[in-house]
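Asker: here's a sequence, model it:
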Amino acid sequence: MRHVDWLVPSLLARGAGTLMFGQPGVGKSLHALHLAACLCLGRAFLGFGSVDAPLRVLFLDFESGWQWNAEPIRAIFKGMGHPSIPEEFLYYSPFTEECHPLEEPAGTLVALEDLGPILEETVRSHRVDVVIADSLGQMMIGDTNSGQDVAIALRSALNPARAAEAAVLVLDHAAKAAIGGAGVPTPVGSQQKRAWARVTVAVESEEMDGRRCTRWSIDKSNAAHFDPFLTHMQFVHGSDGQLAAVHVHSVGSAGPRSPRKGAVRERVERTVLEHLANGPARRQELGRGSTFDQVMDELLKNGLIEQIGRGQYRLRRLLYHAVHLLRQVGAQHEANALAHSINVDS
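Answerer: This next block holds a predicted model:
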């Protein structure tokens, strides 16, 4: 059995791939930059432990460019007490001229599928220990919704860096959780990406004591799992309004994930039910869009509304609506009692 050289125990290993995924705005990029800073400075990442010496990290920014990320990158290092970006941190984006340390004209776009040999040469010549790719979609020629195209892109672009003994971390967007589910994210093209990665980690937004936190949990691992935990980011601004420092703190263990629907879906559902409480309505009067279609399917499936004609709907019973509202406000005992009386599944 091959020895695993963990750079961050249970998370990041030489020659292996790690996938970190979550919805937009959850803080994937900033957390990845904090991880990069920890590795460059030889410090522990959120209690995971660290290597004994600073590592060289190559951050591939396929989302934006240096003009957008220079400030948060500097702020991440300043938040760790380091006044400047160390030479161990290497940055590259095809969308900007100001790349550190690689020299390449802006607008020279190499398709992700063709990036492998260039990346392998960069890893070897610059002695890169960790490659972080944020993210892949904009650089792919293939269809990002095609599992086969995703698999080809991952293997052709990033496996050469793994072969050069670099650890590779890919940041990716999460697919929307199934309506009515527990809100558990999954990576887009999940089967192929899970097969490519040794470890896949889900990151989600979560409220704790009035603070917005980030929940970390293992989605899949070929190694020892870690228990879900929470982190919190603190942003410090200078007198000029510019971002001066970013501090990332470990808040502690995360409890069980609370089943919940997305805020947008809840709002659409509430709008539909409130509208139908005033009487039957046609579908086009109630709303439109993919989220609305999913909400309507769920309400029909759960028996809260019924179709009474072509494109026309009404509340199935006001009592069904009452059960639903009781559950929404957490009055589970009362909801179950009422549900039992009208034969609604509790």
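
Asker: for Arg14, what are its contacts?
Answerer: Listed by C-beta atoms under 8 Å, 6 or more residues apart in numbering, the contact set of Arg14 reads 5, 7, 129, 165-167. (Glycine included, C-beta is placed from N, CA and C.)

Asker: quickly note the distance from it to Ser239.
Answerer: Note on Arg14: its distance to Ser239, by C-beta to C-beta, to the nearest Å, is 43 Å.

Asker: show me where the stretch 151-300 of the chain has helices.
Answerer: 190-196, 263-276, 283-286, 290-301 (DSSP state H, counting those that start in this stretch).

Asker: which segments of this protein make up each domain?
Answerer: Segmentation of the chain into domains, based on automatic domain parsing, reads 6-253, 263-341.

Asker: in a markdown table: the ones you listed, plus mean pLDDT.
Answerer: Shown next, in a markdown table, are the domains of the chain (pLDDT from 0 to 100):
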| stretch | mean pLDDT |
| --- | --- |
| domain 6-253 | 84 |
| domain 263-341 | 75 |
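
Asker: re the thing from before, of the helices of the stretch 151-300 of the chain, which stretch is the most buried?
Answerer: Of these, the one with the most neighbours on average (mean count of other C-beta atoms under 10 Å) is helix 190-196, at a mean of 18.

Asker: and Ser253, how many neighbours?
Answerer: By the criterion of other C-beta atoms under 10 Å, Ser253 has 9 neighbours.

Asker: that older thread, between the helices of the stretch 151-300 of the chain, which one is closest to Thr231.
Answerer: helix 263-276 (21.3 Å; C-beta to C-beta).

Asker: I'd like to check the angle between that closest one and helix 290-301, please.
Answerer: 60 degrees (axes from the mean of the first three to the mean of the last three C-alpha atoms, to 10 degrees).

Asker: about what we covered before: give me the buried subset of the contacts of Arg14.
Answerer: Neighbour-count burial (16 or more other C-beta atoms under 10 Å) is assigned, among the contacts of Arg14, to 7, 129, 166-167.

Asker: what's the farthest-apart pair in these?
Answerer: Using C-beta to C-beta, these reach their maximum pairwise distance at Leu7 and Ala166, which is 9.7 Å.

Asker: what is in contact with the two at once?
Answerer: 14, 129-130.

Asker: Throw those into TSV and include secondary structure and distance to Arg212, thanks.
Answerer: Below are the shared contacts of Leu7 and Ala166 laid out as TSV (DSSP: H, G, I helix; E, B strand; the rest coil; distance: C-beta to C-beta, whole Å):
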residue	secondary structure	distance to Arg212
Arg14	coil	34
Asp129	coil	32
Val130	strand	27
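
Asker: just give me the closest of those to Ser221.
Answerer: Distance to Ser221 across the shared contacts of Leu7 and Ala166 (C-beta to C-beta) is lowest for Arg14, with 16.2 Å.

Asker: show me what contacts the closest residue to the closest one other than its chain neighbours?
Answerer: Leaving aside its chain neighbours, Arg14 sits nearest to Asp5 (4.2 Å; criterion: C-beta to C-beta, 6 or more residues apart in numbering). By C-beta under 8 Å, 6+ apart, Asp5 lies in contact with 13-15.

Asker: and which of those residues is nearest to Ser217?
Answerer: Nearest to Ser217 among these is Ala13, at 18.7 Å by C-beta to C-beta.

Asker: now the buried ones among the contacts of Arg14 as CSV including distance to Ala254?
Answerer: Converted to CSV, the buried ones among the contacts of Arg14 look like this (distance: C-beta to C-beta, whole Å):
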residue, distance to Ala254
Leu7, 24
Asp129, 29
Ala166, 30
Ala167, 25
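
Asker: relative to Leu315, which of these is nearest.
Answerer: Distances from Leu315 to these, taken as C-beta to C-beta, are shortest for Ala167 (54.8 Å).

Asker: who does the closest one bridge with?
Answerer: Val130 (DSSP bridges).

Asker: for Arg314, same thing?
Answerer: Bridge pairing for Arg314 - DSSP bridges - gives Glu306.
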